[in-house]
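> Need the 3D shape of this:
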Amino acid sequence: MGQGHPHTVYLIDASSRFERKLIESWIATNRDGERCEMIPIPPSRGARRPALDPELEAVLASNGDPIFAPLRVVWFPKTIDGVRAARVSDLWTFGDPRDPGALRQAWIARNSPERFRVAEAEPAPLSDLRRRWREASGCDAGATLGLAEFVARQAALALERAERRLRGARYKVPRFVREDISTRPDFRGAVGALALEQGQPAAKVERKALAYLDEIAAIHSAYTIDLAAQLSRLLYTRSYNEELRYDRKQLERIFALGQRNPLVFLPTHKSNLDHLVLQQILYENGHPPNHTAGGINMNFFPIGPILRRSGIFFIRRSFKDNPLYKLVLQHYIDYLIEKRFSLEWYLEGGRSRSGKLLPPRFGLFANVVDAFERGKSEDVHLVPVSIAYEQIGDVGDYVAEQRGAAKQAESFGWLVGFVRRMRRKSGDIHIRFGEPLSLREAIGDGQAPEERRKLTVQKIAFETAVRINRVTPITPTSLVTMALLGFGDRALTLEQVVDSVGDLVDYAARRNLPASTPLDACDTPLIESTLNALIASGVATVYSGGRQSVYGIGADQHLAAAYYRNTISHFFVNASIAELALVRAAEPDVEDRHAEFWASTLRLRDLLKFEFFFADKDEFERELRAEVAIHVEDWEDRMQRSRDVLRILRQVRPLAAHRTLRPFLEAYQVVTDILEHGQVHPDDGSKFSSACLALGKQYMLQRRIRSAESVSKALFETAVKLARNRGLLDGEDESVRAKRSALADEIRDAIRHVDAIDAISRGRHAGLLR
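Residues are numbered from 1 along each chain as shown. Sure thing, here's the model as predicted:
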């Protein structure tokens with residue numbers, strides 16, 4: 001390119017006369033006197049988008065085959081500490097340093113010439129451009145209408161690639177999204193078919209479709225990407241340590257997969273910082289921002305425009321009755337998958353209010369699977385991501401919502417309040433990546449029938465959730481809260497807390513579970529500092545007026561403590577189920593203790609299936625067999641008599657069922673009691689929720705339930721899902737009432753078995769608690 005070419009047509013992307021002079025000077029230096037033409041194209045920067053130069057259409061209509069060579073001036077920010085990036089200070093000084101005004105361009109060229117370059121895009125002959133245009137538009141060989149716009153757009157895209165080589169992959173962002181999607185024959189055909197089906201004018205439906213596309217699509221800006229990264233760092237460091245904890249080598253291995261196929265990042269959603277944190281680690285490793293699905297409720301001034309320009313695309317909460325909106329969203333996802341842009345969304349849909357991973361939403365999974373099955377990419381890699389915090393400032397809001405308070409609507413005032421709350425230091429943020437899941441390996445080639453496809457989408461989503469849980473790190477906060485909650489309202493000395501945490505640490509070590517930091521069963525200083533952090537946030541309390549300081553859950557803070565415990569409860573669910581099944585197998589009325597153990601585990605698995613992610617039945621059985629074998633290797637051969645089963649149970653350490661499952665079972669008891677007595681139906685919504693909260697509070701005061709964290713809207717809602725699944729909401733006839741009574745009895749039996757585990761645990765710690 002530097003040597004010039006006979007009959008070269010330079011397509012000049014210049015935002016000012018000064019830039020045009022710089023480009024002309026570059027051409028004079030590099031073309032060696034050979035014949036050339038210079039034609040301006042609409043500039044990539046600046047508010048105005050002038051019409052195409054008529055000279056371009058004249059050249060395109062000629063019989064020759066000239067070479068088209070796009071050129072653009074690229075401007076760079078100052079280098080500070082070895083990094084070229086726009087800074088927050090640019091907001092109130094000279095604006096975007098990559099898009100300086102004409103006066104500033106002249107000043108930079110004169111005083112800092114290293115801060116600009118003329119970018120040369122890959123040249124292309126007219127014959128090649130005509131061929132590509134015919135393939136894209138489906139036009140006849142002799143047609144030229146629309147060719148000039150296509151050439152100008154291809155020139156701009158080629159210049160984007162050239163500019164990216166100069167700036168780095170961090171700024172790989174799509175251009176001309178609206179133009180590319182709206183001119184595709186499959187999009188126009190689908191919109192036209194829908195217009196015909198609805199009996200509306202095609203032009204009217206197309207205008208509405210483009211309005212939807214404008215509402216959805218992200219509009220990336222390199223300037224905003226830089227500023228968003230710096231604002232994100234300023235925001236999260238108000239509460240958290242600056243260094244984010246993650247494995248850089250693992251991240252690079254993931255992006256190596258993304259060289260050939262698109263990546264879909266699927267993080268947990270615990271805090272409003274989740275997106276900022278994940279984007280931050282991509283930014284600091286030189287990767288472009290993900291195209292992240294965000295609820296349209298976050299599209300408010302001033303945060304909405306910033307989020308859209310840094311990679312968020314906004315989608316409506318509900319659009320099942322809007323086929324045109326669904327069509328536009330599908331084509332937007334198709335475009336991103338085809339162009340290999342990374343995607344991101346929260347598979348749970350919204351933030352978890354309980355701390356544990358919520359069941360996945362399937363909508364966007366289905367969109368991506370559909371794009372893959374229709375050949376938009378050879379493969380798509382789903383990347384499970386767990387984001388864990390030592391503490392979360394939003395927990396107080398979550399607790400209030402679980403007790404019946406309304407969720408605060410997102411607004412500028414809400415944003416100010418969110419930032420103000422981030423004053424207390426809350427420790428580290430840990431990001432863990434699970435094993436990526438290949439859609440090609442999970443699905444295979446070709447399109448499946450609709451019913452089988454729905455099942456496939458669900459399996460993929462659940463497998464992603466399992467992989468997230470598998471890498472979620474155990475934090476000191478989660479261990480300490482689990483230990484404290486295991487003793488109910490009883491306060492513990494530091495020695496007692498260390499002993500209880502030590503049992504949990506030993507268990508985690510035996511199972512090789514992931515941890516945020518290397519854990520030592522006797523790490524008293526770490527446990528003490530964790531207690532102090534929980535006291536500072538009000539979750540825990542300490543009394544030092546006696547001979548020893550004693551620690552417990554703060555007044556009315558059990559739901560907050562349970563939030564942190566629940567982030568790791570999935571690691572203890574199988575153990576808890578095995579414990580309860582052993583209690584049942586040891587009861588005097590059981591004849592075949594081995595068979596009853598396994599029957600009991602399946603009943604509990606079905607009872608808790610809306611709370612936790614379980615493997616299929618065969619794998620679940622293997623997991624439970626290995627779980628008990630951690631404590632007693634030949635346990636199945638020892639289950640002949642009741643006392644033999646109890647001996648097995650006494651060798652299990654730590655016992656987990658009373659710590660892990662009691663809140664869920666007691667919440668289910670509240671719901672089944674209301675259903676049994678027919679006080680109010682779940683379809684009554686807020687009335688039913690209020691009734692559950694009121695009865696739960698009564699039961700707590702009467703000590704009919706022991707766990708304060710059982711009184712929670714989130715747990716009541718899951719209980720309703722179980723009731724609906726078992727047909728307990730289908731009328732009020734005798735058979736339905738019988739089913740309700742049967743479920744209530746099943747839950748009471750499970751709670752009775754939890755009480756037995758609790759009693760064994762308390763007996764084990766009786767000497768220490770004196």
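
> Residue 748 versus residue 712, what's the distance?
19 Å (Cβ to Cβ, to the nearest Å). Quick note: C-beta positions are derived from backbone N, CA and C, even for glycine.

> The two: which has the busier surroundings?
Taking neighbours as other Cβ atoms under 10 Å, residue 712 and residue 748 compare with residue 712 leading, 29 against 15.

> check contacts around that one.
354, 402-403, 559, 663, 667 (Cβ atoms under 8 Å, 6 or more residues apart in numbering).

> what do you get if the cut-off is 10 Å, keeping everything else the same?
Counting by Cβ atoms under 10 Å, 6 or more residues apart in numbering, residue 712 touches 353-354, 398-399, 401-403, 558-559, 562, 663-664, 666-667, 670, 692-693, 696, 718.

> For burial, what's the neighbour tally of residue 110?
With other Cβ under 10 Å as criterion, residue 110 counts 8.

> er, residue 256 I mean
Neighbours of residue 256 using other Cβ under 10 Å come to 9.

> Within the helices and strands, which one has it?
Using DSSP states H and E, residue 256 sits in helix 248-257.

> what do you get for residue 11?
Applying DSSP H and E as the criterion places residue 11 in strand 8-13.

> and the next element down the chain from that strand?
Heading C-terminal from strand 8-13, the first helix or strand you meet, by DSSP H and E, is helix 17-30.

> CA atoms only: put that following helix into CSV for me.
Below are the C-alpha coordinates for helix 17-30, written out as CSV (Å, rounded to 0.1, in the frame of the first residue of the first chain):
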residue,chain,number,x,y,z
ARG,A,17,-10.2,20.2,6.7
PHE,A,18,-7.1,19.8,8.9
GLU,A,19,-7.4,16.0,8.8
ARG,A,20,-7.9,16.2,5.1
LYS,A,21,-4.6,18.1,4.8
LEU,A,22,-2.8,15.5,6.9
ILE,A,23,-4.1,12.7,4.7
GLU,A,24,-3.2,14.6,1.5
SER,A,25,0.3,15.1,2.8
TRP,A,26,0.5,11.4,3.6
ILE,A,27,-0.6,10.5,0.1
ALA,A,28,1.9,12.9,-1.5
THR,A,29,4.7,11.2,0.5
ASN,A,30,3.6,7.6,-0.2
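
> residues touching residue 7, list them.
By Cβ under 10 Å, 6+ apart, residue 7 lies in contact with 34-37, 59, 62, 64-67, 126.

> 8 Å - rerun?
Counting by Cβ under 8 Å, 6+ apart, residue 7 has contacts 35-37, 64, 66-67.

> Same check on residue 219?
Here residue 219 is in contact with 177, 308-309 (Cβ under 8 Å, 6+ apart).

> could those go into CSV alongside neighbour count?
Below are the contacts of residue 219 laid out as CSV (neighbours: other Cβ atoms under 10 Å):
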residue, neighbour count
177, 21
308, 21
309, 20
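
> among these, which are in strands?
Judged by DSSP state E, the contacts of residue 219 include no members of strands.

> closest to residue 436 among these?
Nearest to residue 436 among the contacts of residue 219 is residue 177, at 26.1 Å by Cβ to Cβ.

> What is the burial count for residue 495?
Number of residues near residue 495 (other Cβ under 10 Å) recorded here: 11.

> quick revisit: same list (the contacts of residue 219) but as a markdown table, adding distance to residue 291.
A markdown table is the format used below for the contacts of residue 219 (distance: Cβ to Cβ, whole Å):
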| residue | distance to residue 291 |
| --- | --- |
| 177 | 10 |
| 308 | 11 |
| 309 | 12 |
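
> Return the member of those residues nearest to residue 682.
For the contacts of residue 219, the nearest to residue 682 is residue 308 (38.1 Å; Cβ to Cβ).

> Is the closest one in contact with residue 314, as I believe?
Yes. If you go by Cβ atoms under 8 Å, residue 308 and residue 314 touch, sitting 7.0 Å apart.

> Find the residues that touch each one of those two.
residue 299.

> just to revisit the earlier point, so of the contacts of residue 219, which ones are in helices?
177, 308-309 (DSSP state H).

> where exactly do the helices run in the stretch 351-500 of the chain?
363-373, 395-402, 412-421, 439-443, 450-471, 476-485, 494-510 (DSSP state H, counting those that start in this stretch).

> Where in this protein is the helix or strand with the lowest mean pLDDT?
When the helices and strands of the chain are scored by mean pLDDT, DSSP states H and E, helix 766-769 comes last with a mean of 54.

> got the phi/psi numbers for residue 184?
Backbone torsions for residue 184, taken as degrees, to the nearest 10, come to phi -70, psi 130.

> still on that earlier bit, continuing past the helix holding residue 256, what's the next helix or strand?
The element immediately downstream of helix 248-257 (helix or strand, assigned by DSSP H and E) is strand 263-267.

> quick check: mean pLDDT across that next one?
Model confidence over strand 263-267, given as mean pLDDT, is 98.

> Then stretch 442-462?
82.

> ok, and what's touching it?
Contacts of stretch 442-462 (Cβ under 8 Å, 6+ apart): 347, 360-362, 365-366, 369, 372-374, 382, 437, 439, 463, 613.

> My read is that residue 753 contacts residue 657, right?
Yes. With contact defined as Cβ under 8 Å, residue 753 counts as touching residue 657 (7.4 Å).

> so what's in contact with those two at the same time?
residue 580.

> what about the two, which has more around it?
Taking other Cβ under 10 Å, residue 753 and residue 657 do not tie; residue 657 has more neighbours (30 against 24).

> residues near the closest residue to the more buried one other than its chain neighbours, how many?
Leaving out its chain neighbours, the residue that sits closest to residue 657 by Cβ to Cβ, 6 or more residues apart in numbering is residue 576, at 3.9 Å. For residue 576, the neighbour count with other Cβ under 10 Å is 24.

> dump the residue contacts of residue 576.
656-657, 659-661.

> got a markdown table for those, with distance to residue 453, pLDDT and secondary structure too?
Output for the contacts of residue 576, formatted as a markdown table (distance: Cβ to Cβ, whole Å; pLDDT from 0 to 100; DSSP: H, G, I helix; E, B strand; the rest coil):
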| residue | distance to residue 453 | pLDDT | secondary structure |
| --- | --- | --- | --- |
| 656 | 38 | 96 | coil |
| 657 | 38 | 97 | helix |
| 659 | 40 | 95 | helix |
| 660 | 35 | 96 | helix |
| 661 | 35 | 97 | coil |
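
> Now distance to residue 95 too, for these, in a markdown table please.
Shown next, in a markdown table, are these (distance: Cβ to Cβ, whole Å):
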| residue | distance to residue 95 |
| --- | --- |
| 656 | 58 |
| 657 | 61 |
| 659 | 56 |
| 660 | 55 |
| 661 | 58 |
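
> Name the member of these with the most neighbours.
Across the contacts of residue 576, neighbour numbers were computed from other Cβ under 10 Å; residue 657 holds the maximum, 30 neighbours.

> Distance check, that one against residue 582.
From residue 657 across to residue 582, the span is 10 Å (Cβ to Cβ).

> what does residue 626 give?
Relative to residue 582, and taking Cβ to Cβ, residue 626 is found at 15 Å.

> Got a quick PyMOL command for the buried subset of the contacts of stretch 442-462?
Selecting just the buried residues from the contacts of stretch 442-462 in PyMOL takes one command, with 16 or more other Cβ atoms under 10 Å as the test:
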select buried, resi 347+360+362+365+366+369+372+373+382+437+439+463+613
